[in-house]
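J.: give me the fold of what follows.
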Amino acid sequence: MTVLSDITEDELSLMTHDTNTVRKILEICSTSDLTESNIRLANQAYLISSELNYFAGQVEALNCLGLNYYLSADYEKSIYFYRQELNILEKSSYNDKMLYLGECYRMLGEVHRAFKKYDLSFDYLSKAEKLFKKTGNQLGLAKTYNRFASVYIQIPKYYNDTITIEYLNKSNDIAKKHGFNEVIANNTNIYATFYYHSEQFDKALEIYKTSLQQFTDTIGFSEKANVYNNIASTYRKINQTDSALFYARLSFEEAKKNKVNVFIYGAANTLYLIFYEDLKNSDSALVYLQNSITYQGLMFNEDKFRSELQVQFNYESKIKDIEIRRQQETIYYQVTIFLIILFILLSIILLFYYKSKIQKKANLIISTQNEKLKELNDSKDKFFSIVAHDLKNPVGAFKNISVLLHDETNLLSDVEKKEFLELLKESAESLSLLLENLLTWSLSQRNSFPLDPESNELNFFVDNVIMMMKPQAMNKDIELQNEIDENITAFFDANMIHTVLRNLISNSIKFSHNLTTIKIKAHKIKENNSRFVQIDVIDEGEGMSGKQIERIFSLAGNVTTVGTKGETGTGLGMIIVKEFINKNNGRIWIDSEPGKGTTIHFTLPESSITAEQIKI
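T.: Numbers count the residues shown, from 1 in each chain. Take a look at the predicted model:
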């Protein structure tokens, strides 16, 4: 048997371009559950079929691509390839046209259901039902009725309506008559979900477990992860947390084994809820929250992207609220103790002076704590404000351009399409930088960013950063010059200072004009009886006023600005820069005037140095 992982890109390109090769590739795809490999092979089959004008190969390759993108939860691409297949089938006289056309309608109905576009789902499923009845395709009809029930079970007004059960019964009657075991197992799973939504949880558990027994290693094996997760959710409803945790972990492992993104996301989300809401285990909850966000990102659209960030920010907010409540409880306890002491002291006239002094100290502590609480809330509000502001433009641009490319693609020239794709690329880069800075900021605030300093050669280190930043600089014809001597070394954490230099150079590019130069220099200095290396990032850009410099390192005063070509920033970059330099026992300052460019200086120890040495 051919093993998918054994077929390399070179071997694919060397395969004989004939119909036998296409059939062999598509046969491998039909027996494999490795979606990434299937997509790669189906693409090759489609290219060869197009080259040979082999109609059957084109249809089956497009069908394979649509199915595997659906299994990967990339619904937009799945819809695209199924529609490509539909366009070919509707214009052709292919012998097996009716078989593929009905299945194509059914899968478009299923993908739109998963995409929560229920009106389109009903439309395509109705077309599939009509065609399967006409051709007498009983398997297709049983699967279509199953999908009708699956759509209705997702619409709240039908949870207790007989229409869901009617479609399940119609599907089951056909499936039992003809021995369609996989359809029967799927129907059983939906029956259980119906009882779950009707809050008949014991009945739902009984039927879910029956469904689990029906799915085997040869029949709907990938659905087992979904059933495990449904069982876990049902146990949560009846407060059996241990059982819920057991089945959620089974679901997560089964979904990862079969590489079905939507089931991995569902299991990770259930585990997050169990650890966070039921077991109050924030550390484990955060691990599965991050898994949930990662796999939901693979099913990206704008609404999901917002919800991912909202979940993450809500989680961080809850953690901070817990810390605030603990501080308030501490203050309350302190005040209570002071009041008791005051009562005792008031009864003793000779100690009246001490009572007054203690009261003053208590007031000072309360005032300090209140200021800290206010700063924490202000920082949190400003943090959300920065994120909302910086998400608005790139996400809006991403959506608008995507809609334009989708709706007007036939009216746009190649040049216009290339320009729009470039704008999409810039929006994606802005989103990527924002997410990276959000993650870095989050890790830094929780002290989860480890400090691992060592001696590094600055010339070589800066060369690596410049290599990464060159594509951004080339967009504006800006030259990046490393003028650091090869023998200069400093003692610092490479990951943190890499983040520092990348942010500083990115900002310089953002505020520099085309055809200018950005220089990075370094020299040794002595401060407080210790030896340091001073690094300078020098640009010929727009410069800054004194007021801008004062607020650039403050979260409370930070305001993102637009670059010379309309570039947007994250608003957090310079705040992260200052924190990381401070953690590496350095300091940072800025020399700049409007219209005269900017020089950013920062220092790093030449060798290992302690905080006590710096204070000397």
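
J.: do a quick rundown of the strands in the stretch 451-600 of the chain.
T.: 453-457, 479-482, 489-493, 517-527, 530-539, 588-592, 598-605 (DSSP state E, counting those that start in this stretch).

J.: using PDB, list the CA coordinates for the fifth one.
T.: Put plainly, it is strand 530-539. Extracted C-alpha coordinates of strand 530-539, given in PDB (Å, rounded to 0.1, in the frame of the first residue of the first chain):
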ATOM      1  CA  SER A 530      29.900  49.500  36.200                       C
ATOM      2  CA  ARG A 531      30.600  49.000  32.600                       C
ATOM      3  CA  PHE A 532      27.700  49.100  30.000                       C
ATOM      4  CA  VAL A 533      27.200  49.100  26.300                       C
ATOM      5  CA  GLN A 534      25.100  51.900  24.800                       C
ATOM      6  CA  ILE A 535      23.100  51.000  21.700                       C
ATOM      7  CA  ASP A 536      21.700  53.800  19.400                       C
ATOM      8  CA  VAL A 537      18.900  53.400  16.800                       C
ATOM      9  CA  ILE A 538      19.100  56.500  14.600                       C
ATOM     10  CA  ASP A 539      16.600  57.400  11.900                       C
END
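
J.: quick check on the residue lying closest to D123 once chain neighbours are set aside: phi, psi?
T.: Leaving aside its chain neighbours, D123 sits nearest to G109 (7.6 Å; criterion: Cβ to Cβ, 6 or more residues apart in numbering). Where you see a C-beta, it was placed from the backbone N, CA and C, and this is true even at glycine. Main-chain dihedrals, G109, degrees, to the nearest 10: phi -60, psi -40.

J.: export the strands of the stretch 451-600 of the chain to JSON lines and append columns for distance to L212, mean neighbour count and mean pLDDT.
T.: What follows is the strands of the stretch 451-600 of the chain, written out as JSON lines (distance: least, Cβ to Cβ, whole Å; neighbours: other Cβ atoms under 10 Å; pLDDT from 0 to 100):
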{"stretch": "strand 453-457", "distance to L212": "53", "mean neighbour count": "14", "mean pLDDT": "94"}
{"stretch": "strand 479-482", "distance to L212": "59", "mean neighbour count": "15", "mean pLDDT": "96"}
{"stretch": "strand 489-493", "distance to L212": "49", "mean neighbour count": "22", "mean pLDDT": "95"}
{"stretch": "strand 517-527", "distance to L212": "61", "mean neighbour count": "15", "mean pLDDT": "95"}
{"stretch": "strand 530-539", "distance to L212": "60", "mean neighbour count": "20", "mean pLDDT": "96"}
{"stretch": "strand 588-592", "distance to L212": "59", "mean neighbour count": "17", "mean pLDDT": "95"}
{"stretch": "strand 598-605", "distance to L212": "59", "mean neighbour count": "21", "mean pLDDT": "96"}
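
J.: just put those in JSON lines and tack on distance to I348.
T.: As requested, these are arranged in JSON lines below (distance: least, Cβ to Cβ, whole Å):
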{"stretch": "strand 453-457", "distance to I348": "56"}
{"stretch": "strand 479-482", "distance to I348": "73"}
{"stretch": "strand 489-493", "distance to I348": "57"}
{"stretch": "strand 517-527", "distance to I348": "54"}
{"stretch": "strand 530-539", "distance to I348": "54"}
{"stretch": "strand 588-592", "distance to I348": "55"}
{"stretch": "strand 598-605", "distance to I348": "56"}
